[in-house]
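S.K.: I need the structure of the sequence given here:
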Amino acid sequence: MTDKVEKYQEMMDLFRLYFNFSKRFYGEEVKFSQLTPQQGRTLMYIQAHPGMIQRELADNFHLRNASVTNMLKNLERDGYIQRKQDEKSARIKRIYITQLGDQLIPLLKELNQQVRNN
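M.R.: Residues are numbered from 1 along each chain as shown. Predicted coordinates for the structure are as follows:
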């Protein structure tokens with residue numbers, strides 16, 4: 001029984017460490033950009049997966065489709081992403097990072113690395 005309790009405690013410690021890291025990283029990110037933490041994570045994900053669809057983002061981040069829609073509208077409005085119609089289906093919009101969004105990615109990655117090193 002002690003073994004299960006110890007494993008549970010170890011798992012909870014790892015979760016705390018992860019959440020503290022995320023909070024520090026995305027707190028720093030917000031200071032240097034006009035993005036929310038979720039927008040920063042989303043930009044990095046879109047850059048790594050160009051041409052993805054909105055449903056993939058919702059599934060990856062465990063968000064409601066309406067939340068993703070609003071976030072993407074704001075990112076598109078601010079010039080960080082663009083949505084293009086799929087060549088095979090008029091109902092599908094593929095998401096791509098813009099040049100402005102690409103310019104922000106190195107800063108986000110650098111902040112991520114700085115927080116990991118602290």
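S.K.: Going by secondary structure, the residue positioned nearest the centre of the chain is in what exactly?
M.R.: Centroid-nearest residue in the chain: residue 41, 1.9 Å away (criterion: C-alpha atoms, centre = their mean). Assigned by DSSP states H and E, residue 41 falls within helix 37-48.
S.K.: Give the buried residues for that helix.
M.R.: 39-47 (16 or more other C-beta atoms under 10 Å). Bear in mind the C-beta positions are built from the backbone N, C-alpha and C, glycine included.
S.K.: Name the nearest of those relative to residue 77.
M.R.: Taking C-beta to C-beta as the measure, residue 39 is the one of the buried residues of helix 37-48 closest to residue 77, at 11.5 Å.
S.K.: my guess is the closest one contacts residue 74, does it?
M.R.: Yes. Checked against C-beta atoms under 8 Å, the pair residue 39 and residue 74 is within contact range at 7.1 Å.
S.K.: where do the strands sit along this structure?
M.R.: The residue ranges that make up the strands of the chain, judged by DSSP state E, are 81-85, 93-97.
S.K.: and among those, the most buried is which?
M.R.: Of the strands of the chain, the one with the most neighbours on average (mean count of other C-beta atoms under 10 Å) is strand 93-97, at a mean of 18.
S.K.: what does it contact?
M.R.: For strand 93-97, the external contacting residues (C-beta atoms under 8 Å, 6 or more residues apart in numbering) are 43, 46-47, 50-54, 57, 72, 80-86, 105.
S.K.: All set, thanks.
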